[in-house]
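Trainee: this is the structure alone, sequence omitted:
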Ligand SMILES: [Zn+2]
């Protein structure tokens, strides 16, 4: 590919992305929430005791239109994942054959002495070019489609501004990480895949440590939760479960979208309980308690550390595969693409493409690792909050963007949370067992 053809292609993808963004439909999100039939305490009191039947009663409140829209949104995501993967590999290949990185490396070779700075610059250039080549899909997936399904609130320019900011953070952080990886590769050409995994886990821990403090506030405003009627029950639940938090924060996620969300972030002894304004606006106290019980569960069950360990395993396997496959790829294409050896950062597109093939193949495994933890947090949250109906109500709301009732293989491959139906069933099962035991409990305690 000639130099001019490459830059022309970049210009076309940028133009296409802007056209897509400006042509996006305007969101009508009020419609989505209206498609779940509202109920009251009398309805909840009259629910059948059998968990299966109670789950069915919850599911029946989803209108056929809401169900169809939810399925279409979520199933479309399956194809988008495949498309994103294919486009990412294609972009890496185009960057490799364009020779842009090799030329850039030659241009800075004499001016920049340090190998580590060279690899930071090359890695950043690669990520920038690859983001530009895939931008039309990013705009379609993150903006156009979100508005099409009534899930987003932002207009195009502010959205694009936030995309640029998060891309800048990713490019800086990614550039530093990749440069460290190349330093490991130069010093330990045979065992880099082991040290690289340790470095990967360390880097991820660092991002988890600084993310809530320095990165999240760039996108949203965090302030202490003012409403004592919500704050006190959540703090009580935190204290009861040994979570060291004395304040709760709310943030303005409604700037971006309507999704209800919360988290308990923190690693190495810090804990911050944070919930978004959509949750505060769209959910009752029992629902909020159900959600926060779940989030506290992630903290108490040490899910971050377990996830870091599992991620380390995924990385060590992935880097071992990379060492083998990259060796083969260099034998075959290295000379033609102008890549000197395995420690030449101009080979980064090839490495990135090979690694994304691995990650794509691992998708069901990674989703299942996360989904298992989410199921654990659900059970913890039900016990901590004792709000099965509140929890089920929120799960019903989540069908806005998650398919309600998938098949078992579909759930295994694509779901990083249990399906709404399974979560509602878990809540109704908890409720049935506690309804049965509570009268005798009361008798004994009197
Ligand atoms: Zn969770």
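Mentor: Nice, thanks for sending it over. On a predicted model such as this, the values are computed, not experimentally measured, just so you know. Numbering: from 1, shown residues only.

Trainee: all contacts plus neighbour counts: C-alpha atoms, from now on.
Mentor: OK.

Trainee: show me where the stretch 1-150 of the chain has its helices.
Mentor: Assigned by DSSP state H, counting those that start in this stretch, the stretch 1-150 of the chain shows helices spanning 3-23, 30-34, 41-45, 51-59, 64-98, 100-108, 115-133, 135-139, 145-148.

Trainee: same list (those) but as CSV, adding mean neighbour count.
Mentor: Shown next, in CSV, are those (neighbours: other Cα atoms under 10 Å):
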stretch, mean neighbour count
helix 3-23, 15
helix 30-34, 14
helix 41-45, 10
helix 51-59, 18
helix 64-98, 17
helix 100-108, 17
helix 115-133, 21
helix 135-139, 20
helix 145-148, 20
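
Trainee: all strands of the stretch 151-300 of the chain, in order?
Mentor: 222-224, 248-251, 262-265, 272-276 (DSSP state E, counting those that start in this stretch).

Trainee: that older thread, turn the helices of the stretch 1-150 of the chain into a markdown table, including distance to residue 397.
Mentor: A markdown table is the format used below for the helices of the stretch 1-150 of the chain (distance: least, Cα to Cα, whole Å):
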| stretch | distance to residue 397 |
| --- | --- |
| helix 3-23 | 27 |
| helix 30-34 | 8 |
| helix 41-45 | 16 |
| helix 51-59 | 11 |
| helix 64-98 | 11 |
| helix 100-108 | 47 |
| helix 115-133 | 33 |
| helix 135-139 | 25 |
| helix 145-148 | 16 |
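
Trainee: where in this protein is pLDDT low?
Mentor: Within the chain, the segments meeting pLDDT under 70 span 28-34, 436-446.

Trainee: switch to 80 and redo it
Mentor: Along the chain, segments meeting pLDDT under 80 span 1, 26-34, 265-271, 435-446.

Trainee: ok, back up a step: which of the strands of the stretch 151-300 of the chain sits most buried?
Mentor: Among the strands of the stretch 151-300 of the chain, ranked by average contacts under mean count of other Cα atoms under 10 Å, first place goes to strand 272-276 (a mean of 23).

Trainee: strands paired with it, and their directions?
Mentor: strand 248-251 (parallel), strand 262-265 (antiparallel) (DSSP bridges).

Trainee: wait, which of these is closest to residue 62?
Mentor: strand 262-265 (23.6 Å; Cα to Cα).

Trainee: if we look at that closest one, which residues are touching it?
Mentor: Residues from elsewhere that reach strand 262-265 (Cα atoms under 8 Å, 6 or more residues apart in numbering): 212, 271-276, 279, 291-292, 295-296, 298-299.

Trainee: closest to residue 340 among these?
Mentor: Using Cα to Cα, the contacts of strand 262-265 come closest to residue 340 at residue 212, 40.1 Å.

Trainee: now the terminal residues of stretch 146-154, how far apart.
Mentor: With Cα to Cα, to the nearest Å applied, stretch 146-154 spans 10 Å between its terminal residues.

Trainee: ugh, wrong one, stretch 239-248
Mentor: Across stretch 239-248, first to last residue, Cα to Cα, it's 12 Å.

Trainee: list the buried residues in that stretch.
Mentor: For stretch 239-248, the neighbour count (16 or more other Cα atoms under 10 Å) marks 243, 248 as buried.

Trainee: over to stretch 297-312?
Mentor: For stretch 297-312, a neighbour-count test (16+ other Cα under 10 Å) marks 297, 298, 299, 300, 303, 304, 307, 308, 311, 312 as buried.

Trainee: so which of the residues you listed are in helices?
Mentor: In helices, defined here by DSSP state H, the members of the buried residues of stretch 297-312 are 297, 298, 299, 300, 303, 304, 307, 308, 311, 312.

Trainee: no further queries at this time; thank you.
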